[in-house]
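K.L.:
I would like to see how this sequence folds:
(one chain, ligands or ions: 5)
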Amino acid sequence: MMDYTTLTTEWLERIESKLDSVLPPADTPPARLHAAMRYSVLGGGKRIRPVLIYATGSALGVSAGTLDGPAAAIELMHAFSLIHDDLPAMDDDQLRRGKATTHVEFDEATAILAADALQPLAFRILATDSAMECQPEARLQMINLLSEACGSKGMTGGQSIDLGAEGRKLDQQELENMYRLKTGRLLHASILFAAYCAHANGDILNTLDRFADNLGLAFQIRDDILDIDGETQTIGKQQGADLERGKATWPALFGMEAAKQKSNELLDDALTQIAGFGPAAEPLRQVARFIVQREL
Ligand code: IPE
Ligand code: IPE
Ligand code: MG
Ligand code: MG
Ligand code: MG
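P.N.:
Residues are numbered from 1 along each chain as shown. Ligands and ions are numbered 1, 2, ... in the order given. This next block holds a predicted model:
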């Protein structure tokens with residue numbers, strides 16, 4: 001497998017600098033809130049959603065400058081979801097990206113508010129970012145898709161199902177539905193953002209829609225595998241946390257072998273979807289493989 005960092009160096013630099021520039025400086029009031037926002041977003045994470053935007057955009061011929069804003073918007077939304085996910089009322093985790101979780105480093109109220117402030121900032125970027133060279137219509141499509149992807153029929157709904165499933169057995173369809181919502185919709189939105197920036201047509205949108213759906217599921221299955229098989233040091237999260245909380249996960253419900261097999265099938269399907277995209281989609285294929293084979 002190609003080294004993720006080598007493939008993505010330029011994109012990782014772009015997203016880090018964009019995030020730094022859109023986040024309020026830590027010394028402007030309310031300083032503690034701004035410090036918590038920056039702590040939660042900067043200097044960590046794989047940036048897989050931004051990387052998916054850049055990789056899809058490069059397959060479709062979109063300039064990286066146009067994609068910086070959408071990439072930052074998605075990553076801010078993701079950071080918001082992680083802060084809430086780690087709270088004592090949810091997964092009650094202390095370690096994230098190899099650092100103390102936001103509520104541990106600051107306090108619960110500050111963590112909740114930092115997440116609250118990241119969410120509207122994401123929409124503001126989509127509405128106003130002046131480096132985005134795309135039709136106003138494409139901005140509206142992105143705002144619409146992101147609001148759906150994070151709402152009660154997207155990430156937030158999936159998180160609600162996840163909490164309600166602790167200690168329960170879900171069947172495969174219920175589990176897939178939960179994964180699609182809590183994780184899949186935001187990954188899917190990343191890929192579609194690039195397509196909207198390219199003003200892509202129906203065929204390409206349909207293809208990417210199925211590609212992204214497969215990858216979103218595969219991403220969460222790999223996350224659940226790493227909770228069992230991974231190293232705390234490498235994943236930057238407490239290994240074994242899902243088992244401790246009785247989370248409904250693919251390996252817990254159907255076994256590790258089945259989880260690995262399913263994620264490989266999803267990858268194969270995803271790669272088949274974009275087989276016709278030609279050499280320009282090679283980075284996107286590498287990122288897809290990384291999603292299923294990653295150790296972090
Ligand atoms: C973790 O996401 C939460 C899930 C949706 C599984 P990532 O694995 O992308 O976390 P970071 O951004 O790299 O820390
Ligand atoms: C998280 O799923 C999904 C979202 C944050 C929306 P997990 O609870 O498995 O994510 P990690 O393992 O804490 O990163
Ligand atoms: Mg969770
Ligand atoms: Mg969690
Ligand atoms: Mg997890």
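
K.L.:
pretty sure residue 241 contacts residue 96?
P.N.:
No. Taking contact to mean C-beta atoms under 8 Å, the distance of 10.7 Å between residue 241 and residue 96 leaves them out of contact. Placement of C-beta: from N, CA and C, glycine included.

K.L.:
which of those two has more neighbours?
P.N.:
Legend: neighbour count by other C-beta atoms under 10 Å for residue 241 and residue 96, higher for residue 96 (23 against 18).

K.L.:
does the residue most central in space within the chain sit in a helix, a strand or a coil?
P.N.:
By C-alpha atoms, centre = their mean, the mean C-alpha position of the chain lies nearest to residue 49, the distance being 4.7 Å. With DSSP: H, G, I helix; E, B strand; the rest coil as the basis, the three-state label of residue 49 is helix.

K.L.:
surely it touches residue 186?
P.N.:
Yes. Proximity of residue 49 to residue 186 meets the contact threshold set by C-beta under 8 Å, at 6.4 Å.

K.L.:
where do the contact lists of those two overlap?
P.N.:
For the pair residue 49 and residue 186, residues contacting each of them under the criterion C-beta atoms under 8 Å, 6 or more residues apart in numbering are 74, 78.

K.L.:
in the stretch 101-250 of the chain, where is pLDDT below threshold?
P.N.:
Along the stretch 101-250 of the chain, the model assigns pLDDT under 70 to no residue.

K.L.:
quick check: the residue of it nearest ligand 3.
P.N.:
residue 162 (5.3 Å; C-beta to the ion).

K.L.:
helices or strands up against the helix or strand hosting that residue?
P.N.:
Take DSSP states H and E as the rule and residue 162 turns out to sit in helix 155-164. Counting by 3 or more C-beta pairs under 8 Å, 6 or more residues apart in numbering; DSSP states H and E, the packing neighbours recorded for helix 155-164 are helix 64-86, helix 172-179, helix 185-197.

K.L.:
dump the ones you listed to TSV, plus distance to ligand 1 and mean neighbour count.
P.N.:
Output for these, formatted as TSV (distance: least, C-beta to the nearest ligand atom, whole Å; neighbours: other C-beta atoms under 10 Å):
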stretch	distance to ligand 1	mean neighbour count
helix 64-86	6	24
helix 172-179	9	17
helix 185-197	7	26
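
K.L.:
need those in a markdown table (columns: distance to residue 35).
P.N.:
Written out in a markdown table, the entries for those read as follows (distance: least, C-beta to C-beta, whole Å):
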| stretch | distance to residue 35 |
| --- | --- |
| helix 64-86 | 13 |
| helix 172-179 | 33 |
| helix 185-197 | 25 |
